[in-house]
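Chemist: Need the 3D shape of this:
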Amino acid sequence: MGRSRRLDWCGRRRQPKQGCVRKSGSLDMMRLAAASLALVLALVPQRQAVAGDMVVVELFTSQGCHYCPPADDFLATLVRREDVLPLALHVDYWDYIGWADTFGDRRHSDRQRAYVVRSDRAGAVFTPHFVIQGSDHVRGSDTHAAVAAVLARRAAEPRLRLSLTRGDGTLEIALDPVAEIAGGGEVVLVRYLSRASVAIERGENAGRTVDYVNIVREWRTLGAWSGSGPLRLSAPTIWRPSILGMFSILPSSLTSSATRSSRMRPRSWCAISRPRKRRVTFTLSPFSRNRTTFFSFT
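Modeler: Numbering: from 1, shown residues only. Sure thing, here's the model as predicted:
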């Protein structure tokens, strides 16, 4: 059975490249993650996040990757933050090693490839891989760089407003631009599992039980938005209490460019909050390139 150690960079044609990931012990990585979190706590004011304040951290990970558990642990530390929304997207391209990821999804692998194709990086996918605010690419072992990217993405100017009203079994979504936004986008509902623990029986992490947080399970497009006028949408509230939902305004080209070698640089806007009232208004914020950000609710 093949192994991914020293093969944790995989080309777009699924051809591994050796020697691109430095091996690091889990204990050292956990200490590094703790140090990075301390940096966040020291530099970011402790306050309730408001619209546009939160930064989305996507982690492309795999239960079959020896290097991923420390990055998964670091992602879990970010859950404590009110100004960061961490998401775990489990890929499927390491399943052949001996353990099929219980949360693995080819669509997550395709999303990662789309990010890489649209970036200035060499065409390769790898795990663990952080994408900060849809733009900054960071190796999962470099948590200091991940923290620096989060801090750099926190400031943004409002460009449109989003309001959410919970009805009986539905969510009413209203988008109102402050100014016209060229290109528009899609409104996507994302379902993610808040927490899960998995006992891994085979593969590189055999015998380990790994805790995961904010595991993305479903992406659903609710509607397209032109960017030039108000938009009203409805969505069913079908999530169990242990599952959180998330809205995002994504560039329309993201899905269509997932398997194409185009270098599109669409923009996206977002607001994130965790409202405690039945009706809350949010202000969305723009990002200059390849940013994917989200609105979440509980």
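Chemist: any low-confidence regions in the stretch 51-200 of the chain?
Modeler: Low-confidence segments of the stretch 51-200 of the chain, defined by pLDDT under 70: 51-54, 121-123, 155-160, 162, 181-183.
Chemist: Who are the packing partners of the helix or strand harbouring E218?
Modeler: Per DSSP states H and E, E218 falls inside strand 209-225. In this structure, strand 209-225 makes packing contacts with helix 68-78, strand 84-90, strand 185-199, strand 231-236, strand 243-250, judged by 3 or more CB pairs under 8 Å, 6 or more residues apart in numbering; DSSP states H and E. To be clear about C-beta, it is placed using only N, CA and C from the backbone, and glycine gets the same treatment.
Chemist: can you do 7 Å?
Modeler: Under the contact criterion of 3 or more CB pairs under 7 Å, 6 or more residues apart in numbering; DSSP states H and E, strand 209-225 touches helix 68-78, strand 84-90, strand 185-199, strand 231-236.
Chemist: and these as CSV, adding mean neighbour count and distance to H144?
Modeler: Shown next, in CSV, are these (neighbours: other CB atoms under 10 Å; distance: least, CB to CB, whole Å):
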stretch, mean neighbour count, distance to H144
helix 68-78, 24, 11
strand 84-90, 24, 15
strand 185-199, 17, 26
strand 231-236, 14, 38
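Chemist: got the ones you listed as TSV, with distance to E172 columns?
Modeler: Converted to TSV, the helices and strands packed on strand 209-225 look like this (distance: least, CB to CB, whole Å):
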stretch	distance to E172
helix 68-78	30
strand 84-90	22
strand 185-199	12
strand 231-236	6
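Chemist: for the closest residue to E218 other than its chain neighbours, which residues make a bridge with it?
Modeler: Spatial nearest neighbour of E218, excluding adjacent residues (CB to CB, 6 or more residues apart in numbering): R191 at 4.1 Å. For R191, the beta-bridge partners are E218, G245 (DSSP bridges).
Chemist: if I read this right, R191 contacts R217, doesn't it?
Modeler: Yes. Shown here, R191 and R217 form a contact pair, counting by CB atoms under 7 Å, at 5.1 Å.
Chemist: what's the angle between the strand holding E218 and strand 185-199?
Modeler: Angle, strand 209-225 to strand 185-199, by axes from the mean of the first three to the mean of the last three CA atoms, to 10 degrees: 170 degrees.
Chemist: If you count neighbours, what's buried in strand 209-225?
Modeler: Going by neighbour count (16 or more other CB atoms under 10 Å), the buried part of strand 209-225 is 210, 212-216, 219, 222, 225.
Chemist: Show the average pLDDT along that strand.
Modeler: Strand 209-225 carries an average pLDDT of 87.
Chemist: Which residue, other than its chain neighbours, is closest to T209?
Modeler: Nearest non-adjacent residue to T209, counting by CB to CB, 6+ apart: A199, 4.7 Å away.
Chemist: distance of G134 from S119?
Modeler: Distance from G134 to S119, counting by CB to CB, to the nearest Å: 10 Å.
Chemist: The two: who's more crowded?
Modeler: Taking other CB atoms under 10 Å, G134 and S119 do not tie; G134 has more neighbours (26 against 18).
Chemist: you'd agree the more buried one is in a strand?
Modeler: No. Going by DSSP: H, G, I helix; E, B strand; the rest coil, the assignment for G134 is coil, not a strand.
Chemist: just to revisit the earlier point, measure the residue nearest to E218 to P70 for me?
Modeler: Counting by CB to CB, the gap from R191 to P70 is 26 Å.
Chemist: Repeat that for R81.
Modeler: Using CB to CB, R81 is found at 18 Å from P70.
Chemist: ditto for D176
Modeler: Counting by CB to CB, the gap from D176 to P70 is 43 Å.
Chemist: With A174 instead?
Modeler: The gap separating A174 from P70 is 41 Å, by CB to CB.
Chemist: Do I have it right that D92 meets T102?
Modeler: No. Checked against CB under 7 Å, the pair D92 and T102 is beyond contact range at 10.9 Å.
Chemist: Fine, thanks again, bye for now.
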